[in-house]
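Structural data only, the sequence is not supplied:
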C-alpha cells in the first residue's frame, strides 16, 4: 500500500498493517487538530520511504516519541519510538483502503465532550444542501 502527504512531496509504502487503533489522547488531538486519530501499527521492516524523507520534520511529543510530518504541507505521517519494532502510521494518509477496520479506541478518558453525541447528527456525502453555493 502506498501513501502520501497532502502536497505529495512525501511518499511511502507499507506492506502490512498489523492493526488500527483510534487514539483519543490529548497529544494526538493537539498534534492532528482532530478529536482522535487512526493509527496503524506497521513493522519497521514493512515500511519504506519512496520520496521526500528529507522533507520530514519531527517533534518529540513525549520522551522518546517522535511525531513525523511533512515540513511543506504539515501532514502528520507517523509517530515512532526507536525502542519499538513498529511505527504508528496515520492511516488516513494511505492512498487506498488498507482493508482493515479499527480494532479499538484508546485514551477515551480524554474525549472531547462536544463529540460524545455526534453519531446522531445528520450525515451528508458532501456539503449539506444549504451550504452549497
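Perfect, I can see it now. Just so it is clear, the model here is predicted, and its values are computed rather than measured.

show me the contacts for residue 37.
Contact analysis of residue 37 by Cβ atoms under 8 Å, 6 or more residues apart in numbering lists 22-23, 28, 31, 76, 90, 92. To be clear about C-beta, it is placed using only N, CA and C from the backbone, and glycine gets the same treatment.

Buried only: go through those residues for me.
The neighbour-count criterion (16 or more other Cβ atoms under 10 Å) marks 22-23, 28, 31, 76, 90 among those as buried.

so residue 43 bridges to which residues?
Beta-bridge partners recorded for residue 43 (DSSP bridges): residue 86.

okay, now it: neighbour count?
By the criterion of other Cβ atoms under 10 Å, residue 43 has 15 neighbours.

try residue 121
7.

Pop out the phi and psi values for it.
Backbone torsions of residue 121, given as degrees, to the nearest 10, read phi -80, psi 150.

hang on, the earlier thing: out of the buried ones among the contacts of residue 37, which comes closest to residue 46?
For those, the closest approach to residue 46 (Cβ to Cβ) belongs to residue 90, at 15.7 Å.

Enumerate every residue touching the closest residue to the closest one other than its chain neighbours.
Of all residues not flanking residue 90 in the chain, residue 76 sits nearest, at 5.2 Å (Cβ to Cβ, 6 or more residues apart in numbering). With contacts defined as Cβ under 8 Å, 6+ apart, residue 76 is in contact with 31-32, 37, 67-69, 90, 93.

Just want to check the distance between the spatially most central residue of the chain and residue 22.
In the chain, the centroid-proximal residue (Cα atoms, centre = their mean) is residue 90; its distance is 2.3 Å. With distances taken as Cβ to Cβ, to the nearest Å, residue 90 is found 12 Å from residue 22.
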